[in-house]
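Visitor: What follows is a predicted protein model with its sequence.
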There are 2 protein chains.
Amino acid sequence: MLVHRLNMRVAVAVDVGGTHLRVGLVNESGQIVRKEKKEVGANRRPKDFFQRMAGLIRETAGEKIKEIAGIGLGLPGICNFKEGVVHQLPHFPEWRDVPAARLLAEDFSCPIVFDNDANMAAVGEYWKGSAKGLNNFMMLTLGTGIGGGIFLDGKIWRGDEGFAGEVGHMTIEADGRSCACGSRGCWETYAASQAVPKGTTAETLAKAADGGDSKALAFWREYGIYLGIGIGNLAKITGVENYCLGGSIAKAHPHFMESCREEIKKRTYPRLAQKVKVLPSALGEDGNLLGAASSVFHEVSASL
Amino acid sequence: MLVHRLNMRVAVAVDVGGTHLRVGLVNESGQIVRKEKKEVGANRRPKDFFQRMAGLIRETAGEKIKEIAGIGLGLPGICNFKEGVVHQLPHFPEWRDVPAARLLAEDFSCPIVFDNDANMAAVGEYWKGSAKGLNNFMMLTLGTGIGGGIFLDGKIWRGDEGFAGEVGHMTIEADGRSCACGSRGCWETYAASQAVPKGTTAETLAKAADGGDSKALAFWREYGIYLGIGIGNLAKITGVENYCLGGSIAKAHPHFMESCREEIKKRTYPRLAQKVKVLPSALGEDGNLLGAASSVFHEVSASL
């Protein structure tokens, strides 16, 4: 057993968020052996940022750095998987067409697998979480926006050029709220933390709802309705039945799951509605790290 | 050459519409050798309907009936491809879970391939129309409603149980127009013939627009905006770039294509928007027949 453990391959998983950079050392059975977290900080210029990332990777991997199977890197933006380029990163407005994989490759000689964070989370849930054994499902990451990782026939579906999954920007109100993307009525302006009234936060509202506050409960009920409208759309379009909810807001699911499921039933024909399942993530924040590691071990994300 | 032609396989293609039943005899090179059309009529009870269908098939096939490769049957409803069952058919409200393939098999011993009409149209356009060579595209049939045939990786995408493609019922106005399906704000209440004001028809409005009538032109401009909202959603979700428009309303495309394309650009991030193409069907009504025949010859539709 010990010999086996010593021989077990390890991968470095990197998860870039809006405020934190997290790095994990993950073995082939899906255990996160070591984990480090750092604030992203104010200087987000790509070159400096990737240097700091390289430092944190070395720190986390320690003596294992020479034998890692690869680095899996997840970023919360519009990523070109094929070319390893980040086109746009909402939290990093100065990033435009940043060659992320190449910048990281300057510091490491191992294989680098690169993808957006919703796809990484999907791969993680498929490997070790709520979506185990589901060959078709969608990962929805509920945070500032809504990211989508679409899993079809046992692998990430990318569309023609790798841009599939921008579900947060589907229009659900033709003349609705204006969105940072330039459009109106995008799903994520109603069903992500953007929908939280000014002066409070999703976390505060979740705690208030835990304590039975009626205003907070009403907020989450309405949140669930909008979440259900979008999930209903996804189900009707793609015929995919399973939806896994991740991201910071998913933790509040006890307060919005019922209204979400009711809304899906209202808006979807019965044959499909009775099959649609909405499942909270089993892995939480670790999903992205496990997905990034799985992508290294299994190359799930490596086929466009 | 003559010998080859005599040996060429033929299939019977059946297209069931809201008002007409059409049957074609199609050869392997995609030529419709013979074509018959009959009104559906008032008696739409499944057993009687399928008997009349069998009669029209025999009439159309003539002496070829003994050597046909199979019958391809397209129906405009929610179909269970696996079991050959039509769950719901909007124009035939008395139909519930009709075992269409089995009813037809009572009269014919050849293979029977069965699918909804939007999928058949997609297969037709892929074989001989606007979607030739496109391994990913969506067929949108614009009629009373909007049907969707989703083609991914060179075959029809069906979702978990075969119900994918109900794109007409995606919500684009959360509190919008009520839809026959029981939901509100469905795309097809804005971007199909349902959106035509009472007292006129899509055909009349198309002719008026041809003649430069400003009210008619304004109708089609708005129609294009709503069409674009939905196509933008499909592109952002699936990353599929090519959309083929069929159905009776597609003929009016010169009047709505510009506003449709503009709306897609407005609502979609530039990297994707510049790639999205909206293509009118090349086959028109014959698309469904060619798709049904292709499904027999190539079994494109035969793998769930």
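Guide: Sure, I can see it.
Visitor: what packs against whichever strand or helix holds A:Gly224?
Guide: A:Gly224 belongs to helix A:214-238 when assigned by DSSP states H and E. Contacts defined by 3 or more Cβ pairs under 8 Å, 6 or more residues apart in numbering or on different chains; DSSP states H and E place helix A:214-238 against strand A:137-142, strand A:146-152, helix A:188-191, helix A:202-210, strand A:242-246, helix A:253-267, strand B:146-152, helix B:214-238. For glycine as for every other residue, the C-beta is placed from the backbone atoms N, C-alpha and C.
Visitor: List the buried residues in that helix.
Guide: A:216-217, A:219-221, A:223-238 (16 or more other Cβ atoms under 10 Å in any protein chain shown).
Visitor: What residues does the stretch 101-250 of chain A have near chain B?
Guide: A:136, A:148, A:150, A:152, A:157-167, A:169-174, A:176, A:181-184, A:190, A:226, A:229, A:232-234, A:236-242 (Cβ under 8 Å from any Cβ of the partner chain).
Visitor: Which parts of the stretch 51-200 of chain A are strands?
Guide: Along the stretch 51-200 of chain A, counting by DSSP state E, counting those that start in this stretch, strands occupy A:71-75, A:78-80, A:85-88, A:96-98, A:112-116, A:137-142, A:146-152, A:155-156.
Visitor: For B:Val98, which of those is the nearest?
Guide: With Cβ to Cβ as the criterion, B:Val98 lies closest to strand A:146-152 of these, at 29.4 Å.
Visitor: could you say what helices and strands the closest one packs with?
Guide: helix A:117-128, strand A:137-142, helix A:214-238, helix B:214-238.
Visitor: at 10 Å what do you get?
Guide: Contacts defined by 3 or more Cβ pairs under 10 Å, 6 or more residues apart in numbering or on different chains; DSSP states H and E place strand A:146-152 against strand A:112-116, helix A:117-128, strand A:137-142, helix A:188-191, helix A:214-238, strand A:242-246, helix B:214-238.
Visitor: Please convert those to TSV, extending it with distance to A:Gly17 and mean pLDDT.
Guide: Listed next are the helices and strands packed on strand A:146-152 as TSV, based on distance: least, Cβ to Cβ, whole Å; pLDDT from 0 to 100:
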stretch	distance to A:Gly17	mean pLDDT
strand A:112-116	12	92
helix A:117-128	8	96
strand A:137-142	10	97
helix A:188-191	16	98
helix A:214-238	21	98
strand A:242-246	12	98
helix B:214-238	22	98
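Visitor: so can I have JSON lines of those showing distance to B:Pro280?
Guide: Output for those, formatted as JSON lines (distance: least, Cβ to Cβ, whole Å):
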{"stretch": "strand A:112-116", "distance to B:Pro280": "34"}
{"stretch": "helix A:117-128", "distance to B:Pro280": "34"}
{"stretch": "strand A:137-142", "distance to B:Pro280": "31"}
{"stretch": "helix A:188-191", "distance to B:Pro280": "33"}
{"stretch": "helix A:214-238", "distance to B:Pro280": "22"}
{"stretch": "strand A:242-246", "distance to B:Pro280": "34"}
{"stretch": "helix B:214-238", "distance to B:Pro280": "12"}
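Visitor: Which of those sits closest to A:Pro76?
Guide: Closest among these, using Cβ to Cβ: helix A:117-128, at 4.6 Å.
Visitor: Show me how far that closest one is from its chain's centre.
Guide: Counting by Cα atoms, centre = their mean, to the nearest Å, helix A:117-128 is centred 7 Å from the centre of its parent chain.
Visitor: quick one: that helix to strand A:146-152, angle?
Guide: For helix A:117-128 against strand A:146-152, the angle by axes from the mean of the first three to the mean of the last three Cα atoms, to 10 degrees is 50 degrees.
Visitor: coming back round to it: out of the helices and strands packed on helix A:214-238, nearest to B:Pro93?
Guide: strand B:146-152 (17.5 Å).
Visitor: one step back: select, out of the helices and strands packed on strand A:146-152, the one closest to A:Gly291.
Guide: Among those, the nearest to A:Gly291 by Cβ to Cβ is helix A:117-128 (3.2 Å).
Visitor: could you dump that closest one to PDB, C-alpha only?
Guide: Taking Å, rounded to 0.1, in the frame of the first residue of the first chain, the C-alpha atoms of helix A:117-128 are listed here in PDB:
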ATOM      1  CA  ASP A 117     -13.600  27.500 -14.200                       C
ATOM      2  CA  ALA A 118     -17.100  26.200 -14.900                       C
ATOM      3  CA  ASN A 119     -15.800  23.500 -17.100                       C
ATOM      4  CA  MET A 120     -13.200  22.600 -14.500                       C
ATOM      5  CA  ALA A 121     -16.000  22.500 -11.900                       C
ATOM      6  CA  ALA A 122     -18.000  20.200 -14.200                       C
ATOM      7  CA  VAL A 123     -15.100  17.800 -14.600                       C
ATOM      8  CA  GLY A 124     -14.600  17.800 -10.800                       C
ATOM      9  CA  GLU A 125     -18.200  17.000 -10.000                       C
ATOM     10  CA  TYR A 126     -18.100  14.200 -12.700                       C
ATOM     11  CA  TRP A 127     -15.000  12.700 -11.200                       C
ATOM     12  CA  LYS A 128     -15.800  12.900  -7.500                       C
END
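Visitor: who touches the spatially most central residue of chain A in this structure?
Guide: Geometric centre of chain A, nearest residue: A:Ala118, 2.8 Å, by Cα atoms, centre = their mean. By Cβ atoms under 10 Å, 6 or more residues apart in numbering or on different chains, A:Ala118 lies in contact with A:74, A:76, A:138-141, A:143, A:145-150, A:156, A:165-168, A:246-247, A:288, A:291.
Visitor: Any idea what the closest residue to it other than its chain neighbours is bridged to?
Guide: Distance criterion Cβ to Cβ, 6 or more residues apart in numbering or on different chains; nearest residue to A:Ala118, sequence neighbours excluded, is A:Gly147 at 3.3 Å. Using DSSP bridges, the beta-bridge partners of A:Gly147 come out as A:Thr141.
Visitor: hmm, which of the residues of the stretch 101-250 of chain A next to chain B are the buried ones?
Guide: Of those, these count as buried by 16+ other Cβ under 10 Å: A:136, A:148, A:150, A:152, A:157-160, A:162-167, A:169-174, A:176, A:181, A:183-184, A:190, A:226, A:229, A:232-234, A:236-242.
Visitor: returning to that earlier point: can you list the helices and strands packed on helix A:214-238 in TSV and add distance to B:Ala69?
Guide: Formatted as TSV, the helices and strands packed on helix A:214-238 follow (distance: least, Cβ to Cβ, whole Å):
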stretch	distance to B:Ala69
strand A:137-142	37
strand A:146-152	31
helix A:188-191	49
helix A:202-210	59
strand A:242-246	38
helix A:253-267	41
strand B:146-152	22
helix B:214-238	33
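Visitor: Which parts of chain A belong to which domain?
Guide: A:2-120+A:286-302, A:133-280 (automatic domain parsing).
Visitor: okay, the ones you listed, which one's buried deepest?
Guide: domain A:133-280 (a mean of 21; mean count of other Cβ atoms under 10 Å in any protein chain shown).
Visitor: from the chain's centre, how far out does that one sit?
Guide: The answer for domain A:133-280 is 13 Å, by Cα atoms, centre = their mean.
Visitor: and that domain, how far apart are its ends?
Guide: 16 Å (Cα to Cα, to the nearest Å).
Visitor: Would you mind listing the residues in contact with A:Gly168?
Guide: A:118, A:140-148, A:179, A:181, A:186-189, A:191-192, A:194, A:230, B:236-237.
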